[in-house]
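Visitor: sequence first, predicted coordinates after that:
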Amino acid sequence: MKGIILCGGRGTRLQPITYTVPKQLIPIANRPLLVYTIELLFNSGISEIGIIVNNYNKSIFQSTLSKYFNHDFQYIIQENPQGIAHGLSFAEKFVDNEKFVMVLGDNSFDTSLKEFVVDFITNKKSCKILLKEVDNPEKYGVAYIGNDKIINLEEKPKRAFSNWAITGLYAFDKNIFKAIKEIKPSSRKEYEITDAIKWLLQNGYDIDYEILDGHWRDVGSPKDVVDENANRLSYIINNIKGELINSHVSGKVVLEDGAVIYNSIIRGPIIVGENSIIKYSYIGPYTSIGKGVNIDKSNIENSIIFDDCTISGVGIPIDNSIIGEGSIINKEKGLKKANRLVIGKSTKLFLPNI
C-alpha cells in the first residue's frame, strides 16, 4: 500500500517563519514535524511514499529529509496550489490504481495505523476517514453520522451540528480521482477533499470511518506549533551528552553533543541542540533550543528557538514564542527607554506594557 503526504501549501498563517521553512519542516522537539508523519507511515507498513510539494520548496524537503532517512521518496509537484483535493490529483499516476493512505503534512498524530490500514485493504470500501471528537468543529471538515454510517460531510461550516472533525488522515481507492474531476471550487476557491468524499457518498460509493482514540492536532497556527512542541517534549527521555556546569536541573532534559549549560536554572522537559551555549539564564519547561544557539542572562519558557539564534540580556520572560533561524534578540543599554527593531514582512511582535 502506498502513502501520500500533502506538503504543497503555502503556510500563510505561519508567516514569517514559512517564508524560509515550509510549515511541515518546522522543528517540533528539534525534529521536523514531517519526520513524525513519515515514521507513522513506516511503522504502519507503508514504505512507498509520495510527497506532494510545490515548485519552490522541493529542494528544501529533499535536503532536510535526507538528514533523517536513507530512503527514496517520490516528490510530486503541485502547480499553483488550490486545495487538498487539487494537490491529491497530481498523485494519480504515482498511485497507479492502488488503494492508498493520504496524510496532510501539517497534521500530527500519535497513534498506530496498522489496524486502520489492514481493515481498508481487506474491505470493499472506496474511502475511509479518521474522525476525532472536538469542541470547535467549525474549524474543520465535519462528518455527520447516522445509524453508524456517514450520512453527510461539510467543510468548515458556520455552525456545525456534529462534533466529529475529519482529521487529516484518509484512505482511498482509485475512485477518489474520479470524484476530484467532478467537483467545483468552494467559496474559498479551493478544491476541497471534503467535497470529493461527499461526491463519492452521493454517487453510491461505500464510505467508512474510524474514531481516533489517540492524539491529533492540525498544526496550522503559531499557537498550534507551540502546543505541539510541548506535547512532543512531554515524551522525551533524559539524555545528557553535553556539559552541565554549576547549574540546577529538574525534569527531563536532552542535551546534545557540544552543548553547554553554565550557571543556569533548567526546568524540563527541554531539548538543547548541538553546540548551543546557555549561561546565567532560566530555561523553563516545554522549550526546544536548536543547534548553535547562544543564550545569556535571559529567561525563556514554552518556546521554540531555531538554529543559530542569539538571545542576550532578556530578563522579561520570552514565553509562547517561535524564534526563527539566525534571529538576534538583545537588551540594549542606554538612558533612553525605547524599542529598536529591525523586522521583516509579516513579522508578529508583541510588546509588554511596562
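Guide: Received the coordinates, thanks. None of these values were measured; they are calculated from a predicted model. Numbering: from 1, shown residues only.
Visitor: number of residues surrounding residue 82?
Guide: Around residue 82 there are 18 other residues, counting by other CB atoms under 10 Å. To be clear about C-beta, it is placed using only N, CA and C from the backbone, and glycine gets the same treatment.
Visitor: sorry, slip of the keys, the one I care about is residue 200.
Guide: Residues near residue 200, counting by other CB under 10 Å, number 23.
Visitor: repeat for residue 181
Guide: Neighbours around residue 181, by other CB under 10 Å: 13.
Visitor: who touches it in this structure?
Guide: residue 89 (CB atoms under 8 Å, 6 or more residues apart in numbering).
Visitor: do you know the pLDDT at it?
Guide: If you check residue 181, the pLDDT there is 95.
Visitor: gap between it and residue 137?
Guide: Separation of residue 181 from residue 137 (CB to CB, to the nearest Å) stands at 28 Å.
Visitor: show me which residues of whichever strand or helix holds residue 59 are buried.
Guide: Assigned by DSSP states H and E, residue 59 falls within helix 58-65. Neighbour-count burial for helix 58-65, counted by 16 or more other CB atoms under 10 Å, picks out 58, 60-61, 64-65.
Visitor: return the closest of those with respect to residue 30.
Guide: residue 64 (12.9 Å; CB to CB).
Visitor: stretch 288-303 spans what distance, first to last residue?
Guide: 6 Å (CA to CA, to the nearest Å).
Visitor: how far off centre is it?
Guide: Distance of stretch 288-303 from its chain centroid, counting by CA atoms, centre = their mean, to the nearest Å, is 21 Å.
Visitor: quick one: residue 217 and residue 108 touch, right?
Guide: Yes: using CB atoms under 8 Å, residue 217 is in contact with residue 108, at 4.8 Å.
Visitor: mutual contacts of the two, please.
Guide: By CB under 8 Å, 6+ apart, the residues touching both residue 217 and residue 108 are 228, 231.
Visitor: got CSV for the buried residues of helix 58-65, with pLDDT too?
Guide: Output for the buried residues of helix 58-65, formatted as CSV (pLDDT from 0 to 100):
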residue, pLDDT
58, 91
60, 94
61, 94
64, 95
65, 95
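Visitor: in CSV, list these along with distance to residue 175.
Guide: Shown next, in CSV, are these (distance: CB to CB, whole Å):
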residue, distance to residue 175
58, 29
60, 33
61, 29
64, 34
65, 30
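Visitor: and of those, the nearest to residue 317?
Guide: Of all those, residue 317 sits closest to residue 64, with 30.6 Å by CB to CB.
Visitor: surely the closest one touches residue 25?
Guide: Yes: using CB under 8 Å as the test, residue 64 is close enough to residue 25 to be in contact (5.3 Å).
Visitor: that concludes my questions; thank you for your assistance.
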